[in-house]
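Asks: just the structure for this:
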Amino acid sequence: MLFFYLISLPLTLGMVVITLRYFAGPDIPRYVLFTVGYAWFCSLSIIILVPADIWTTIIGQEKGGIGFFWSWSYWSTFALTW
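Replies: Numbering: from 1, shown residues only. Down below sits the predicted model:
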């Protein structure tokens, strides 16, 4: 599972950065880029969290860590959409 994280997290972050660089105008403030990038990363983190959650369920591991990341992703996305 560690191998999955080592590939998926940088790949997701890279996709967000590349998309922001491609679509953002040159006069956009950095705080806007950071906020939009963070919102996109939280939304795309679901792609990473679902397989991790399924894996922890299959092996019968306690869900304390993955539950924290689900909560963090949910509330960050909730706050950034208001």
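Asks: which residue comes closest to Ile48 once chain neighbours are left out?
Replies: Leaving aside its chain neighbours, Ile48 sits nearest to Ser8 (4.9 Å; criterion: Cβ to Cβ, 6 or more residues apart in numbering). Bear in mind the C-beta positions are built from the backbone N, C-alpha and C, glycine included.
Asks: check that neighbour and give its pLDDT.
Replies: Each residue has a pLDDT score; the one for Ser8 is 86.
Asks: what do you get for Arg30?
Replies: Arg30 is assigned 93 on the pLDDT scale.
Asks: where does the prediction get shaky in this protein?
Replies: Low-confidence segments of the chain (pLDDT under 70): 1-2, 63-64.
Asks: show me where it has helices.
Replies: In the chain, the helices defined using DSSP state H lie at 2-23, 30-59, 64-80.
Asks: as TSV, these with mean neighbour count would be great.
Replies: Below are these laid out as TSV (neighbours: other Cβ atoms under 10 Å):
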stretch	mean neighbour count
helix 2-23	12
helix 30-59	14
helix 64-80	13
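Asks: picking that back up, for the residue nearest to Ile48, give its distance to Ile47.
Replies: Going from Ser8 to Ile47 by Cβ to Cβ, to the nearest Å gives 7 Å.
Asks: with Ile58 instead?
Replies: Counting by Cβ to Cβ, the gap from Ile58 to Ile47 is 18 Å.
Asks: same check, this time on Thr57
Replies: Distance, Thr57 to Ile47, by Cβ to Cβ: 17 Å.
Asks: again, but for Thr56
Replies: Distance of Thr56 to Ile47, given as Cβ to Cβ: 16 Å.
Asks: now do the contacts for the residue most central in space within the chain.
Replies: Against the mean C-alpha coordinate of the chain, by Cα atoms, centre = their mean, the closest residue is Ser45 at 2.9 Å. Contacts for Ser45 (Cβ atoms under 8 Å, 6 or more residues apart in numbering) come out as 12, 69, 73.
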